[in-house]
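Engineer: 3D model of this:
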Amino acid sequence: MNIVFMGTPDFSVPTLEALIEAGHNILAVVTQPDKPKGRKGTPVFSPVKEVAVKHDIKVLQPERIKDEENVQILRGLKPDVMVVVAFGQILSKEILDIAPYGCINVHASLLPEWRGAAPIQWSIITGQKETGVTIMQMDEGLDTGDILYVKKVPISEEETGGSLFDKLKDIGAAALIEVLPKIVKGEVTPVKQGDSTTPYAKMLKKSMGLLDFNDTVFNLNNRIRGLSPWPGTFTHFNGKTLKIWKAKDIKATDILEEDIECIDEDLKEYPVGALYVYENQMVVKCADGFLKLLEVQLEGKKRMDAETFLRGVRIKEVVVLGSDN
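Structural biologist: Numbering: from 1, shown residues only. Okay, here's the model as predicted:
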């Protein structure tokens, strides 16, 4: 097929590479403009542009894809279909109607759930057990088009935003390659989306990573996993930022029941956020239980496990973690 590919970040790359490997004719790649990086502001290619340049594919980088001149350029390419994967700009109806097979999107959730910019992370943050990839026929709404194909993926208790991202980007690429010939042959029946039961998966911000230990252990652990590796979660320890890379519900660790009772007794007089050191383990009091910190990173230091951290930072008494320390 003659394809115009639209995408920008790492998530888009496997799909573009799969289309090239499958022998499709990529007429052009449309991606976001180069972004300045570093002190000198040197322009940096998007991951998708790097692949396009490597394969000598024409690259378009419009500031506004909806501008008439850009619409005309796309029209002149005469694609059979446009494939859109995390492009980063909203497409107009004019663009959606250019190709005979329209614009097909690879979205990292089980639509209609988690429409929006960060579906992978929010599925973990909210404690869902399952997610997946939806191949969608795009319309003028935000992730509201007809469903063409779905691949489901379980979310394990150890899953992070980063590990799930890596899984879904490859699954999304394979799903598109699998369904594209079926679409052309008319073997796919589009399914209308219903109403979503989840909020819009809004973009992630660094401020979302500040942990509030007044929350439940379940919610805190999900937030730590979902926001790893970026933007990450953190608290404050003796006036310094302490990044929390990995944690676990204390009931799911190897701490004995009688020791949990002992910790509970020791922390009874302290507020939530109290950090207690127990046999080289870091335990934090939360609203409904305790969170064991497994991997942390103190401001100015490297990421390390709790035992290594405690060798360098002696904690002789209970410290209360929080934004005011």
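
Engineer: ends of stretch 25-43, how far apart?
Structural biologist: 28 Å (Cα to Cα, to the nearest Å).

Engineer: Where do the domain boundaries of the chain fall?
Structural biologist: 2-184, 206-320 (automatic domain parsing).

Engineer: Save those as TSV, and put in mean neighbour count too.
Structural biologist: Bear in mind the C-beta positions are built from the backbone N, C-alpha and C, glycine included. Output for the domains of the chain, formatted as TSV (neighbours: other Cβ atoms under 10 Å):
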stretch	mean neighbour count
domain 2-184	18
domain 206-320	17
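
Engineer: Adding mean pLDDT and distance to residue 198 as columns, could you present the ones you listed in TSV?
Structural biologist: Converted to TSV, the domains of the chain look like this (pLDDT from 0 to 100; distance: least, Cβ to Cβ, whole Å):
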stretch	mean pLDDT	distance to residue 198
domain 2-184	97	5
domain 206-320	94	13
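
Engineer: how much space between residue 237 and residue 243?
Structural biologist: Residue 237 sits 10 Å away from residue 243, taking Cβ to Cβ, to the nearest Å as the criterion.

Engineer: Out of the domains of the chain, which is closest to residue 197?
Structural biologist: domain 2-184 (6.5 Å; Cβ to Cβ).

Engineer: joint contacts of residue 237 and residue 243?
Structural biologist: Common contacts of residue 237 and residue 243 (Cβ atoms under 8 Å, 6 or more residues apart in numbering): residue 298.

Engineer: which stretches of the stretch 1-150 of the chain form helices?
Structural biologist: 13-21, 47-54, 68-77, 93-96, 119-125 (DSSP state H, counting those that start in this stretch).

Engineer: From the rest of the structure, what touches the third one?
Structural biologist: By Cβ under 8 Å, 6+ apart, the list of residues contacting helix 68-77 from outside reads 2, 4, 27-28, 30, 60, 62, 64, 82, 92, 94-95, 98.

Engineer: which one of the residues you listed is nearest residue 263?
Structural biologist: residue 30 (55.5 Å).

Engineer: before we move on, back to that, taking the contacts of helix 68-77, tell me the two that lie furthest apart.
Structural biologist: 2 and 64 (24.3 Å).

Engineer: contacting residues for the residue nearest to residue 190 when sequence neighbours are not counted?
Structural biologist: Distance criterion Cβ to Cβ, 6 or more residues apart in numbering; nearest residue to residue 190, sequence neighbours excluded, is residue 146 at 3.5 Å. Counting by Cβ under 8 Å, 6+ apart, residue 146 touches 136-137, 139, 190-193.

Engineer: and the gap between residue 146 and residue 129?
Structural biologist: 26 Å.

Engineer: quick check, distance from stretch 132-149 to the centre of its chain.
Structural biologist: Centroid displacement of stretch 132-149 relative to its chain, using Cα atoms, centre = their mean, to the nearest Å, is 18 Å.

Engineer: Apologies, that question was intended for stretch 299-317.
Structural biologist: Taking Cα atoms, centre = their mean, one finds the center of stretch 299-317 at 28 Å from the center of the full chain.
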